[in-house]
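K.L.:
This is a predicted model, with the sequence first.
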Amino acid sequence: MFKIIQKRNYLFTVSLLLLIPGMVALGLWGLDLGIDFRGGSLFTVDFPTAPPDTATITTALSGTVSGEITVQQVGDRTLVLRLPELDEPSHQTMLGTLQGKFPGIRELSFESIGPTLGRELQNKAIQALIGVFVMIILFITWAFRRVSQGPVSSWVYGLSAFIAMFHDVLMVIGIFAILGHFFRVQIDSLFVTALLTVLGFSVHDTIVVFDRIRERLLSHPDEAFEESVNVSLNQTMVRSLNTSLTTLFVLATLLLFGGHSIRSFVLALFIGIASGTYSSIFVASPLLVVWERWRSRRS
């Protein structure tokens, strides 16, 4: 049997070492917001041959578009241009300029979002995340009310699950802060969808582990709490790992062979689910033992 709980200080240290670089990046640079959140226009074009470099495109549009232009190559012949918000006449003027300087160019998509709508989406995304956190804490507190008479109250289970979920969200956000600064990986509304999915997956895995702890506490009331938690973790670890690995294999395939439009979404899911598996086993449950030992010392 693995001594997981007994190594909790090392496990917490691993989590901190993984979280700190992302938190530093988030504090220094923030997230690279896509047009969903900050407003702007997204313009995708296809070239008949290999596209010109970024400087050539920027120079060609300098007299047509005012503001920052970001050019990203996707595939062998496709470019994605991120621009300030454009109205339809400006869009047609820009398209005509590109077609005049690069014959054979073909527009694949164009979308534009105003800054007011972008701020509204930001607020709704934050509200959705907070709402999910609160509802999950309340649900777990209610679901584990039968073990409140034991060494740990039911609300502590909810709090531990919340910390584990927060750990997973910070892991995803921190890594995307790093990717956004160095590789211009932007976040959009799909990123929020990925975060909400990660929260659901994380709490599902945590509840499975907590439920086994609850069963152990009820069937072995005289066993030391730390031992009960450690036995429960060993009994559920293989199941949790197998479930997560099958999901991660699918996501890895999508990362390698999926389209560019869903790559950031899949990457956020991959990071979050991997982190959620780790936190359910090595963060949430050890926190129960930390609380129990702290409460015992105070009493």
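P.N.:
Done, it's in. Numbering: from 1, shown residues only.
K.L.:
mind listing what the spatially most central residue of the chain touches?
P.N.:
The residue lying closest to the centre of the chain (C-alpha atoms, centre = their mean) is Val172, at 3.7 Å. Applying C-beta atoms under 8 Å, 6 or more residues apart in numbering to Val172 gives the contacts 194-195, 198, 268, 271-272, 275. For glycine as for every other residue, the C-beta is placed from the backbone atoms N, C-alpha and C.
K.L.:
Quick check: Val231 vs Phe225, distance?
P.N.:
In this view, Val231 and Phe225 are 11 Å apart by C-beta to C-beta, to the nearest Å.
K.L.:
repeat for Phe162
P.N.:
In this view, Phe162 and Phe225 are 20 Å apart by C-beta to C-beta.
K.L.:
which stretches of this protein aren't confidently modelled?
P.N.:
115-117, 146-150, 299 (pLDDT under 70).
K.L.:
per-domain residue ranges of it.
P.N.:
5-35+116-298, 40-112 (automatic domain parsing).
K.L.:
most packed of those domains?
P.N.:
Stretch with highest mean neighbour count among these: domain 5-35+116-298 (a mean of 18; mean count of other C-beta atoms under 10 Å).
K.L.:
how about the strands of the stretch 101-250 of the chain, start to end?
P.N.:
106-113 (DSSP state E, counting those that start in this stretch).
K.L.:
before we move on, back to that, relative to Thr58, which of the contacts of Val172 is nearest.
P.N.:
Thr58 lies nearest to Ala268 out of those, by C-beta to C-beta, at 29.1 Å.
K.L.:
which residues does that closest one contact?
P.N.:
Counted by C-beta under 8 Å, 6+ apart, Ala268 has contacts 172, 176, 191, 194-195, 198.
K.L.:
what's the closest of those to Ser279?
P.N.:
For the contacts of Ala268, the nearest to Ser279 is Val198 (10.4 Å; C-beta to C-beta).
K.L.:
Quick check: that closest one touching Gly276?
P.N.:
Yes. Val198 lies in contact with Gly276 (C-beta atoms under 8 Å); the separation is 6.1 Å.
K.L.:
list the residues that contact both of those two?
P.N.:
Counting by C-beta under 8 Å, 6+ apart, the contacts common to Val198 and Gly276 are Asp168.
K.L.:
what's near enough to touch Glu226?
P.N.:
Contacts for Glu226 (C-beta under 8 Å, 6+ apart) come out as 5-6, 289, 292-293.
K.L.:
In helices, which of those fall?
P.N.:
Under the assignment DSSP state H, the contacts of Glu226 contribute 289, 292-293 to helices.
K.L.:
In a markdown table, list these along with distance to Gln127.
P.N.:
Putting the ones in helices among the contacts of Glu226 into a markdown table (distance: C-beta to C-beta, whole Å) gives the following:
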| residue | distance to Gln127 |
| --- | --- |
| Val289 | 34 |
| Glu292 | 34 |
| Arg293 | 36 |
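K.L.:
which of those residues lies closest to Phe144?
P.N.:
Closest to Phe144 out of these is Glu292 (14.0 Å), distances taken as C-beta to C-beta.
K.L.:
what about Ile113, distance to Pro89?
P.N.:
Distance from Ile113 to Pro89, by C-beta to C-beta: 17 Å.
K.L.:
distance of the nearest residue in space to Asp46 that is not next to it in sequence from Val45?
P.N.:
Using C-beta to C-beta, 6 or more residues apart in numbering and skipping the chain neighbours, the partner closest in space to Asp46 is Arg106 (4.6 Å). For Arg106, the distance to Val45 equals 7 Å [C-beta to C-beta].
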